[in-house]
Each structure stands twice: as structure tokens, then as C-alpha cells.
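> Need coordinates for the below:
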Amino acid sequence: MCRLFASIGIDNADEFLREKECSLLAQSDSDTKHLQQDGWGVAAHSGGGWRVIRSTTPVFSDPQFPEIEAKAEIIIAHIRRASNPLGLPIEELRAPENIQPYRFGNIVFAHNGTIKIPEEMRPYLGDFAGMVQGKNDSEIYFWLLIKNLESERDVGKAVLKTVADMNDAWEGVPEEKKERLKAPYRGLNFVMSDGKNLYAYCRHDGVKDAGPTLCYKNAPYYRMVYREENRGLVVASERMDNGEWKEIGDGDLLTARIKNGEIKVSTEEAR
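The predicted structure follows:
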């Protein structure tokens with residue numbers, strides 16, 4: 001149950017990371033039963049490429065987080081309450097290689113949710129299986145998406161193929177394990193950028209038992225929202241203030257890009 005934030009075309013994202021009533025920092029310890037205590041990461045893209053900072057320290061107690069430079073054309077940030085489908089000891093769960101965002105070339109990605117069958121999905125990675133560095137289920141999701149993006153050359157089609165691969169892997173799971181797990185995943189929400197476009201995918205399949213959002217507690221947990229802001233756009237796991245936010249539909253992929261100094265936003269169904 002992590003939290004995501006992304007922005008494109010915002011001069012300074014500092015208020016969303018640290019200052020707003022429900023900033024990313026405020027979300028990290030606003031609910032003591034759901035502390036985001038398993039590390040954090042921020043990726044910032046400007047003309048010179050990506051700058052990625054990750055930490056294994058809880059974001060709410062890390063003195064480095066308040067000093068993060070938030071002035072960039074694109075920001076992707078992730079604070080982590082780790083899922084643990086492999087039953088790892090805490091020291092392995094919080095290892096540096098398991099901290100998001102992940103990066104491949106000019107693509108940066110962060111996920112909120114749980115991939116319940118990461119080992120069953122490894123065969124679907126093909127040559128990308130050797131790219132996996134950690135033991136985080138989200139990393140399997142990332143590399144499967146990258147593999148499919150390499151072949152499909154379209155983010156929406158790559159998402160559809162990735163979900164199809166997960167469901168295909170699920171078919172091979174023993175019935176006893178299926179009965180215990182109920183589904184191959186719980187939440188496929190991600191934010192991703194190739195340095196030019198910002199993508200946000202919301203997929204929760206109507207999960208109703210995950211509880212409410214962390215700050216205002218007036219919306220279901222596995223949702224994503226966005227808002228156009230000063231000719232740019234911000235995306236988050238939950239509202240960061242009491243302003244007007246739009247919800248990304250279940251199974252929808254949002255794409256945002258800056259063209260001629262204006263934000264262009266489109267959505268497509270990817271389920």
C-alpha cells in the first residue's frame with residue numbers, strides 16, 4: 001500500500017511533495033496503522049536527463065527528503081509501505097534494490113499494489129528476467145511491462161499485454177493457491193515517464209476492502225486522481241488538498257505531454 005505522485009510541466013512540485021495539507025510527506029505518517037516506512041524515491045527529469053534518488057529510510061524521518069530538489073519538467077515520486085508476497089525478512093524487504101522508482105534507459109516507473117504471483121510470472125519476462133535485481137514483486141511488473149513495450153511500441157498495448165500475461169500465469173497456479181490468493185494481483189496502479197510523456201495507469205478492479213485513503217479518508221484506497229495546474233498536470237494516489245481533482249477511471253491509462261507550452265491530456269481504456 002504505497003503512495004504515488006507525478007507531475008509534468010510544473011515549475012516547482014515542492015508544495016505537493018512537502019507543503020500541502022495532504023502532501024506526499026503528510027501522507028507518509030498520517031495514518032499510524034499504515035505508515036509508509038519502507039523507503040522512498042524521487043526521480044526528476046530536466047534537459048539533462050533523469051536524476052534519481054532513493055532511500056531505505058522512512059520518508060517521514062529522513063532528513064534528506066526535505067532537501068530534495070523539486071524543480072524539474074517531470075517528477076515521479078514513490079513512498080513505500082512494502083507488500084511481501086514472498087514472505088521475505090524485513091532486512092531483505094527493505095534492501096536498496098527493492099526501492100522504487102525503477103529505471104530502464106529513459107523510462108522511470110513506480111507502482112502501487114501487490115503482484116501476488118511474482119515467481120509464476122518470471123518465465124514471461126524472457127530475456128528481461130536477467131534484469132531483475134531485487135526481490136520486489138513490483139519489479140517483476142516493471143520488467144514485464146518494459147518487455148511488452150519493447151515489442152508493442154505503444155504503452156496502452158503494452159499494458160494490455162502485461163495484464164494478459166499475468167492472467168495467463170494465473171491459469172497455471174494450483175487451485176489451492178488460487179483459493180488462498182483470490183487473484184493474481186491487488187492494484188496495478190503506476191506512474192511512468194519516458195522523459196517526454198507522463199503516463200498514469202489506474203487498475204483496482206473495484207477493490208472494496210482496502211480501506212480509505214490516508215489523509216482525508218473520504219475515498220477508497222486504490223484510486224488515482226489528477227489535476228491540471230498552471231499549464232501542467234499532477235497525478236497522485238489521493239487528493240493532496242481540498243481543491244478539485246478528477247479521478248482516473250478503473251482500467252484507464254492517462255497520457256500527458258507538453259506541446260507548444262500547453263498541457264495535452266488524453267485517456268484510453270486499457271483493461
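
> So what pairs up with Asp252 in the strands?
Beta bridges link Asp252 to Cys202, Glu269, judged by DSSP bridges.

> That one contacts Ala270, doesn't it?
Yes: judged on Cβ atoms under 8 Å, Asp252 makes contact with Ala270 at a distance of 6.9 Å. Glycine gets a C-beta too; all of them are placed from N, C-alpha and C.

> shared neighbours, those two?
With contacts taken as Cβ atoms under 8 Å, 6 or more residues apart in numbering, Asp252 and Ala270 have Tyr201 as neighbours in common.

> what's the distance between the most centrally placed residue in the chain and Ile76?
Central residue of the chain (Cα atoms, centre = their mean): His111, 2.6 Å from the mean position. Applying Cβ to Cβ, to the nearest Å, the value for His111 to Ile76 is 11 Å.

> intersection of neighbour lists for the two?
With Cβ under 8 Å, 6+ apart as the test, His111 and Ile76 both reach Leu4.

> hmm, back to that, could you list every residue that touches the residue nearest to the centre of the chain?
Neighbouring residues of His111 by Cβ under 8 Å, 6+ apart: Cys2, Leu4, His78, Gln100, Ser138, Tyr141, Phe142, Leu188, Asn189, Phe190.

> so what pLDDT did it get?
pLDDT for His111: 98.

> Quick check: it is in a strand.
Yes: counting by DSSP: H, G, I helix; E, B strand; the rest coil, His111 is part of a strand.

> Report how many residues lie close to the closest residue to it other than its chain neighbours.
Of all residues not flanking His111 in the chain, Ser138 sits nearest, at 4.2 Å (Cβ to Cβ, 6 or more residues apart in numbering). By other Cβ atoms under 10 Å, the residues close to Ser138 number 25.

> element containing Ser138?
Taking DSSP states H and E as the criterion, the element that holds Ser138 is helix 137-152.

> Tell me the helix or strand right after that helix.
Assigned by DSSP H and E, the successor of helix 137-152 is helix 155-171.

> in that following helix, what's buried?
Residues Val155, Gly156, Ala158, Val159, Leu160, Lys161, Thr162, Val163, Asp165, Met166, Ala169, Trp170 are the ones in helix 155-171 that count as buried (16 or more other Cβ atoms under 10 Å).

> and if you look at stretch 120-131?
For stretch 120-131, burial by neighbour count (16+ other Cβ under 10 Å) applies to Glu120, Met121, Arg122, Tyr124, Leu125, Phe128.
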